[in-house]
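1. Provided below for reference: sequence and predicted model.
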Amino acid sequence: MQLVLVLAALASLTSVALAAPPGWSPDSAQFYSTVAKEIEAARKSHKDPSRKNCDFSRAKLPAPTKPLPPVPQGQKLLHVTIGRGIQNYTCASSSASDTPKATGALATLFEATCLAATFPRLLALLPRIALHMPKPTYPQSKSSPSTRSQPDSNFNLDLDFDFDLDPLTFGPSNMPIAGYHYFDSTGVPVFDLLADGHSAVAKVADVPAPKDALKGVGRQMFGAVAWLYLAAVDGSSGKAKSVYRVATAGGKAPATCNGWKGNDGDGGVLSVEYSAEYWFFG
């Protein structure tokens with residue numbers, strides 16, 4: 001079962017309870033049970049989670065224990081998305097005296113603004129659930145066919161991508177893809193929102209993820225990446241001027257480079273899977 005099936009059930013407001021897939025952990029099963037209860041409550045309340053009927057002003061940015069800077073005056077909420085992808089790291093050696101260096105990230109962003117406004121409790125569950133789901137595929141550059149399933153984190157959406165190969169929805173529920181997050185060839189974080197353009201950003205502040213954040217999945221139980229406040233850099237053309245990464249799950253690097261093997265066992269890049277909420281203001 002994919003994350004999109006959860007949202008499909010919510011969107012249709014059915015009375016059918018969702019069951020956790022066979023073999024899942026009790027933790028994952030608990031999430032599905034909670035989601036089922038939220039869907040049933042939504043059905044009884046007759047709430048409509050479609051974007052055209054939701055009130056963005058009801059969406060409240062999660063607040064960490066140590067606060068991030070507030071949303072700048074005059075900026076309004078543009079989008080809330082669920083990001084699902086990878087954080088990339090490298091090591092100079094496999095020595096325990098070295099620490100991994102972050103080299104970029106790559107994620108697909110799924111539209112969740114009305115969930116944030118209408119069903120905040122459900123939204124809060126999604127990063128944890130999403131991390132248990134397979135990574136989505138990414139746009140394919142016509143000049144680099146090998147990027148289809150695992151592109152380099154420095155790929156650039158300004159290239160001529162063939163979006164016909166991957167429809168701009170996620171699975172059978174047609175959950176819209178809002179955009180993509182990646183690092184450009186100069187190492188600048190970029191958010192390409194399909195409706196609001198290309199925003200290049202820089203980190204302004206960060207706080208540690210809560211202690212109860214999901215540390216990861218499988219063998220990548222290294223911890224959740226920090227919550228961030230990012231601001232658009234000079235020359236950024238997108239509508240998004242402020243970006244908050246919150247409710248993170250997974251994505252953190254190992255504490256040291258001891259025994260570093262990378263993705264392919266050759267000591268190269270290690271991609272650590274993660275998910276998070278991304279809130280965009282402008």
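-> Looks like it came in fine.
2. surely residue 263 touches residue 272?
-> No - applying C-beta atoms under 8 Å as the test, residue 263 and residue 272 come out as separate, 10.0 Å apart. Placement of C-beta: from N, CA and C, glycine included.
3. between the two, who's got more neighbours?
-> Relative neighbour count places residue 272 above the other of residue 263 and residue 272, with 23 against 13, counting by other C-beta atoms under 10 Å.
4. the helix or strand harbouring the more buried one pairs with which strands, and in what direction?
-> Under the assignment given by DSSP states H and E, the secondary-structure element containing residue 272 is strand 270-281. Looking at strand 270-281 with DSSP bridges, its partner strands are strand 77-90 (antiparallel), strand 242-250 (antiparallel).
5. by mean pLDDT, show me the worst of those.
-> Taking each of those in turn, the one with the lowest mean pLDDT is strand 77-90, at a mean of 95.
6. only alpha carbons, please: show that one as CSV.
-> The C-alpha atoms that make up strand 77-90 are tabulated as CSV, following Å, rounded to 0.1, in the frame of the first residue of the first chain:
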residue,chain,number,x,y,z
LEU,A,77,1.3,30.8,3.2
LEU,A,78,1.7,29.5,-0.4
HIS,A,79,2.0,25.8,0.0
VAL,A,80,2.5,23.0,2.6
THR,A,81,4.1,19.9,1.1
ILE,A,82,5.4,16.5,2.1
GLY,A,83,8.9,16.0,0.9
ARG,A,84,10.1,12.5,0.3
GLY,A,85,13.7,11.8,-0.9
ILE,A,86,17.3,11.5,0.1
GLN,A,87,20.0,13.4,1.9
ASN,A,88,23.5,12.8,0.4
TYR,A,89,26.8,12.5,2.3
THR,A,90,30.4,11.8,1.5
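7. after it comes which helix or strand?
-> Moving toward the C-terminus from strand 77-90, the first helix or strand encountered (DSSP H and E) is strand 101-111.
8. if we go by neighbour counts, what in that next one is buried?
-> Of the residues in strand 101-111, 102-111 count as buried by neighbour count, 16 or more other C-beta atoms under 10 Å.
9. out of those, which comes closest to residue 252?
-> Within the buried residues of strand 101-111, the smallest distance to residue 252 is 9.8 Å, found for residue 102 (C-beta to C-beta).
10. all set, thanks.
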